[in-house]
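1. After the sequence you'll find the predicted model.
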Amino acid sequence: MAETYALILAGGSGTRFWPLSRDAKPKQLLNLLGDTTLLNQTITRLEGLIPKENILILTNELQIDAVREVASELPKENIFAEPAKRDTAPAVALGVGLIAARDPGATMIVLPADQLIDDVANFHDVLTDAITTAQQTESLLTIGIKPTWACPSYGYVERGAPSALAPVGIKNIPHDVTCFREKPAPELAEKFIKQGNFAWNAGMFIWSIPTVVHELELHAPELAGFISQLMESDDIKATVADKFSKLTPISIDYALMEKAAHVLNIEASFDWDDVGSWVSVAKYLDDAEGDNKSNSPLKVVESHNNIIFTESKQTQVAMLGVSDLIVVQTGDSILIANRHQADDIKKLVALLPEELT
Ligand SMILES: Nc1nc2c(ncn2[C@@H]2O[C@H](COP(=O)(O)OP(=O)(O)O[C@H]3O[C@H](CO)[C@@H](O)[C@H](O)[C@@H]3O)[C@@H](O)[C@H]2O)c(=O)[nH]1
């Protein structure tokens, strides 16, 4: 019986959490919420679902030391650094090649490293049903999140009828996907929400190696060729060093999911948050004074809707007559931003000296 592997993608850069996040320490390596990093939570969440020796992590040279430290309970040889940043499609192809070299009939789940999910029991149930479906059908499985607004930075899946391919006995029934659209323009996202049968793509994918290789051959031949080179290689490291940087940078959503015909979707019955900005972090901060949110002791007078985050979590913060601010303090920097421009922090980071980014 072929085994199941998890591939955790932990090579994103993310400037949205500056000054806490840096190139070498992006969102997945931050203790933003809770006592551990989001990457650590991602690994822990797999306990009881995927054995540790079957969990692989892909990151980059800048982050590999920090990733090794966070993932110290995984076998060392399961953590790889990509030689260049090429976005998620080449990273997934590398993961497919590495897993195929161990077990060409394996099933794999691809997971982002930076999401917040508390309901582990339902997460396992949904993933188990997705794995069963991937093993019994030649489908690419996605997980759907009920959308709450027309967010333009997610992928959208149009859920059709319950799939005729659904294996007998599973609880979370997959639906046919009639359209996958990555990061639609705001007006199109509005249209999807009004239509009512679209879900956000959770960024997790479940498929068997033979199925994904076949789909890549059809829709992304460059990546399928790279996987063949890996599978034929007797020195995978040398092949990666030689070929990976030459791959076209593109995300797996554009390279494969928008084009593939055999996509299914299971609705998530668990909580899910991809914690995209300081504004999303704010809802989890404990200390509140009126409508202000803080992770540190806070006193306010005539101040509203502010978000405060200090690295020490102990700095006393006092606000007088200010509203709609994000204030973040670290050892060497302070961010003061309009909360309505939280998505534009990257514009600011582009102006900063390299040693602070
Ligand atoms: N190894 C590796 N990992 C990467 C790379 N680029 C990004 N990642 C990691 O891949 C995951 C997703 O990458 P993002 O670039 O953050 O994706 P996104 O814009 O949020 O969009 C994806 O996720 C959304 C849900 O959060 C989806 O809605 C969307 O369709 C898409 O799948 C994150 O864990 C990120 O760290 C890379 O070059 N290499």
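-> That came through fine. Numbering: from 1, shown residues only.
2. quick check: domain ranges of this structure?
-> For the chain, the structural domains run 4-267, 278-356, going by automatic domain parsing.
3. Tell me which of these approaches the ligand most closely.
-> Closest approach to the ligand among those is made by domain 4-267 (2.3 Å; Cβ to the nearest ligand atom). Any C-beta I mention is one placed from the backbone N, CA and C, and that applies to glycine too.
4. With respect to burial, which of the domains of the chain scores highest?
-> Mean neighbour count (mean count of other Cβ atoms under 10 Å) peaks for domain 4-267 among these, with a mean of 19.
5. Looking at that domain now, give me its mean pLDDT.
-> For domain 4-267, mean pLDDT is 96.
6. and it, does that touch the ligand?
-> Yes: interface with the ligand: domain 4-267 contributes 9-12, 28, 58-59, 82, 85-88, 91, 112-114, 154-155, 182, 200-203, 253 (Cβ under 6 Å from any ligand atom).
7. how long is that domain from one end to the other?
-> Taking Cα to Cα, to the nearest Å as the measure, domain 4-267 stretches 21 Å from start to finish.
8. Kindly report the same for stretch 192-201.
-> Start-to-end span of stretch 192-201 (Cα to Cα) is 13 Å.
9. Pull the residues that contact it.
-> Contacts to stretch 192-201, defined as Cβ atoms under 8 Å, 6 or more residues apart in numbering, come from residues 142-147, 149-151, 154-160, 180-182, 184, 253, 257, 265, 267.
10. go on, stretch 75-84?
-> Here stretch 75-84 makes contact (Cβ under 8 Å, 6+ apart) with 11, 52-53, 55-61, 63-64, 67-68, 71, 90-91, 94, 98, 240-241, 244-245.
11. Inside strands: which ones of those?
-> I55, L56, I57, L58, T59, N60 (DSSP state E).
12. so which two of these are the farthest from each other?
-> I55 and N60 (18.1 Å; Cβ to Cβ).
13. rewinding a little: make a markdown table out of the ones in strands among the contacts of stretch 75-84 and add distance to G290.
-> Listed next are the ones in strands among the contacts of stretch 75-84 as a markdown table, based on distance: Cβ to Cβ, whole Å:
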| residue | distance to G290 |
| --- | --- |
| I55 | 43 |
| L56 | 46 |
| I57 | 41 |
| L58 | 43 |
| T59 | 40 |
| N60 | 42 |
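14. The longest strand anywhere in the chain: partners in the sheet, and parallel or antiparallel?
-> If you go by DSSP E, the chain has its longest strand at strand 198-208. Paired strands of strand 198-208, with direction, are strand 107-112 (antiparallel), strand 140-145 (antiparallel), strand 155-162 (antiparallel) (DSSP bridges).
15. Beyond it, next helix or strand please.
-> helix 209-219 (DSSP states H and E).
16. Restrict that next one to CA atoms and write it as CSV.
-> What follows is helix 209-219, C-alpha atoms only, in CSV (Å, rounded to 0.1, in the frame of the first residue of the first chain):
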residue,chain,number,x,y,z
ILE,A,209,1.8,11.3,-7.4
PRO,A,210,0.7,9.5,-10.7
THR,A,211,-2.3,11.9,-11.0
VAL,A,212,-0.4,15.1,-10.4
VAL,A,213,2.4,14.1,-12.7
HIS,A,214,-0.1,13.3,-15.4
GLU,A,215,-1.9,16.7,-14.9
LEU,A,216,1.5,18.5,-15.0
GLU,A,217,2.4,16.8,-18.2
LEU,A,218,-0.8,18.2,-19.7
HIS,A,219,-0.7,21.7,-18.3
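17. Report the inter-axis angle for that helix versus strand 107-112.
-> With axes from the mean of the first three to the mean of the last three Cα atoms, to 10 degrees applied, the angle from helix 209-219 to strand 107-112 works out at 70 degrees.
18. Show the contacting residues for G160.
-> H175, D176, V177, T178, N197.
19. ok, the closest residue to C179 other than its chain neighbours to A185 distance?
-> With sequence-adjacent residues excluded and distances taken as Cβ to Cβ, 6 or more residues apart in numbering, C179 is closest to E158, at 4.0 Å. Remark: distance between E158 and A185 (Cβ to Cβ, to the nearest Å) = 16 Å.
20. tell me what the helix or strand containing A337 is packed against?
-> Take DSSP H and E as the rule and A337 turns out to sit in strand 334-338. For strand 334-338, the elements it packs on are strand 325-329, helix 345-349, judged by 3 or more Cβ pairs under 8 Å, 6 or more residues apart in numbering; DSSP states H and E.
21. so for it, what's the average pLDDT?
-> pLDDT averaged over strand 334-338 gives 97.
22. Just want the angle from it to strand 325-329.
-> 170 degrees.
23. Excluding residues flanking it in the chain, which one is nearest D114?
-> In this structure, D114 finds its nearest non-sequential neighbour in Q28, 4.1 Å apart by Cβ to Cβ, 6+ apart.
24. quick one, longest helix in this structure?
-> helix 120-136 (DSSP state H).
25. helices or strands next to that one in the packing?
-> With contacts defined as 3+ Cβ pairs under 8 Å, 6+ apart, helix 120-136 has these neighbours: strand 107-112, strand 140-145, strand 198-208, strand 263-267.
26. where do the helices sit along the stretch 1-150 of the chain?
-> For the stretch 1-150 of the chain, the helices defined by DSSP state H, counting those that start in this stretch cover 38-44, 64-70, 88-102, 120-136.
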